[in-house]
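Engineer: Provided below for reference: sequence and predicted model.
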Amino acid sequence: MKVFSASYSKEYHQMLSGMVERRMRASVLMIGSIWYSAWVDAGQPDLKSLIDYKPSEEDIKMREEDLRKWKEEKKLSARPHEAQE
């Protein structure tokens with residue numbers, strides 16, 4: 001994995017003229033649009049029942065176990081990265 005110096009990264013960022021922020025904002029809008037479209041396609045169900053959602057004891061235990069594992073291992077489960085050459 002390549003790691004660039006702070007000065008190189010700062011100069012590169014300036015040369016991009018805010019492109020990263022524009023792309024991030026566009027991504028946020030796109031994901032929101034996907035969720036909205038899914039909600040509309042599902043018939044616009046009432047989501048108010050989710051406001052007072054209370055997780056079950058099983059859900060709470062599972063979340064606590066995940067948090068404990070994360071604190072011990074300092075990593076989350078994900079697919080392995082392939083070696084880059």
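Structural biologist: Ah, there it is. Residues are numbered from 1 along each chain as shown.
Engineer: now Leu67: how far from Leu29?
Structural biologist: 31 Å (CB to CB, to the nearest Å). C-beta coordinates here come from the backbone N, C-alpha and C atoms, glycine included.
Engineer: in which helix or strand does Arg72 reside?
Structural biologist: Rather than Arg, residue 72 is Glu. Here Glu72 sits within helix 57-73, counting by DSSP states H and E.
Engineer: avg pLDDT for that helix?
Structural biologist: What helix 57-73 shows for mean pLDDT is 90.
Engineer: who touches the helix ranked longest in the chain?
Structural biologist: Assignment by DSSP state H gives helix 19-41 as the longest helix of the chain. Applying CB atoms under 8 Å, 6 or more residues apart in numbering, the contact partners of helix 19-41 are His13, Pro45, Leu47.
Engineer: which of these fall within strands?
Structural biologist: Using DSSP state E, no member of the contacts of helix 19-41 falls within strands.
Engineer: can you say which of those are buried?
Structural biologist: Buried members of those, counted by 16 or more other CB atoms under 10 Å: none.
Engineer: now, those that are in helices?
Structural biologist: By the criterion of DSSP H, membership of those in helices covers His13.
Engineer: kindly reformat the contacts of helix 19-41 as a markdown table containing pLDDT and distance to Ser5.
Structural biologist: Formatted as a markdown table, those follow (pLDDT from 0 to 100; distance: CB to CB, whole Å):
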| residue | pLDDT | distance to Ser5 |
| --- | --- | --- |
| His13 | 86 | 13 |
| Pro45 | 93 | 51 |
| Leu47 | 88 | 47 |
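Engineer: Met30 - how many residues pack around it?
Structural biologist: By the measure other CB atoms under 10 Å, the count of residues near Met30 is 10.
Engineer: ok, now how distant is it from Arg23?
Structural biologist: On the measure of CB to CB, Met30 and Arg23 end up 10 Å apart.
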